[in-house]
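**Student:** Sequence first, predicted coordinates after that:
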Amino acid sequence: MSAARAAMRTTLAVCLLAFAVATGPVRAQPVEGDHEVLGGLGFFHRDGSDRGDLNVAASYGYFVHRMVQLGIEQGLSYAFLDDQDDAWLASTLPFVNVHFRGWGERQTIVPFVGGVIGAVYNDDDAVGMLGPQAGIKFFATDHVFIAPRYRYEWFWNDFDEGGTDDDSDGNHVATINIGFLFGGDDRDDYDDRNRDRRPYAPDADVEGDRGDRNMRE
């Protein structure tokens, strides 16, 4: 098993354990006006390699609708290289995500799809980048969640990473992040408002009219 796979499995196991310990009765579906802060941190080193990579990413998003989120993400990757100058790579990516109705009795599992468009840059180069993304948010509380996410990053031109022999046309990127929701409408009030949006029941209305007439008579 490679070091990369071992690190990914370890990270996933830790996240799932934390989620299992923290999970309780929650009402987690994002609502209009929610603010979201998302962050992730990782380190990668392949056995026998002279390179190690530290990856940091953080994003802020705002729910303009309970389904639609607009935001921006800032990422930084720093490569530690033996016998070479260290290299860094940064990205600034506005994004839009569309969230679907949560799964489960308390809507604690919320899938989403979206896309990003922005810039990737370092000391040697800068190019535009865009790509689709998708993921799932697993809520441990009303405001805390773990979010595995997949993104394909497509560069408008070949990107010179600097300090390495690799050029990149595009990347497959899988990450696991932790996020926080705050602000927005009160979830109990939101549920009460939506509870009033029941399907039309003509029989119930007829019975109600009959009762009103009987009382007047």
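**Tutor:** Looks like it arrived, so ask away.
**Student:** Any stretches of the chain with poor pLDDT?
**Tutor:** Along the chain, segments meeting pLDDT under 70 span 1-27, 45-49, 158-169, 185-217.
**Student:** need the strands for it, in chain order.
**Tutor:** 34-45, 51-63, 68-81, 87-99, 109-121, 126-139, 144-160, 167-183 (DSSP state E).
**Student:** will you turn the ones you listed into TSV that also has distance to Ala28?
**Tutor:** Where C-beta positions appear, they are placed from N, C-alpha and C, glycine not excepted. Below are these laid out as TSV (distance: least, CB to CB, whole Å):
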stretch	distance to Ala28
strand 34-45	11
strand 51-63	13
strand 68-81	14
strand 87-99	11
strand 109-121	7
strand 126-139	3
strand 144-160	7
strand 167-183	8
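**Student:** Kindly present the ones you listed as TSV, with separate columns for mean neighbour count.
**Tutor:** TSV is the format used below for the strands of the chain (neighbours: other CB atoms under 10 Å):
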stretch	mean neighbour count
strand 34-45	16
strand 51-63	17
strand 68-81	17
strand 87-99	18
strand 109-121	17
strand 126-139	18
strand 144-160	17
strand 167-183	15
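**Student:** Just the terminal-to-terminal distance for stretch 40-57.
**Tutor:** End-to-end distance of stretch 40-57: 5 Å, with CA to CA, to the nearest Å as the criterion.
**Student:** from here on, count from 8
**Tutor:** Taking 8 as the first residue, the last one we looked at is stretch 47-64.
**Student:** Ignoring the adjacent residues along the chain, who's closest to Gly46?
**Tutor:** Nearest non-adjacent residue to Gly46, counting by CB to CB, 6 or more residues apart in numbering: Ala65, 4.7 Å away.
**Student:** May I have the beta-bridge partners of the nearest residue to Trp163 once chain neighbours are set aside?
**Tutor:** Once flanking residues are discounted, Trp163 sits nearest to Gly135: 4.3 Å by CB to CB, 6+ apart. For Gly135, the beta-bridge partners are Ala126 (DSSP bridges).
**Student:** Please name the residues that touch Gly135.
**Tutor:** If you count contacts by CB atoms under 8 Å, 6 or more residues apart in numbering, Gly135 has them with Ile124, Gly125, Ala126, Val127, Phe162, Trp163.
**Student:** Was I right to think the fifth one contacts Ala126?
**Tutor:** What it means is Phe162. No. Using CB atoms under 8 Å, Phe162 is not in contact with Ala126; the gap is 10.1 Å.
**Student:** and for these two, which residues touch both?
**Tutor:** By CB under 8 Å, 6+ apart, the residues touching both Phe162 and Ala126 are Val134, Gly135, Met136.
**Student:** so how far is Val38 from the residue nearest to Gly46?
**Tutor:** Relative to Val38, Ala65 is positioned 23 Å away (CB to CB, to the nearest Å).
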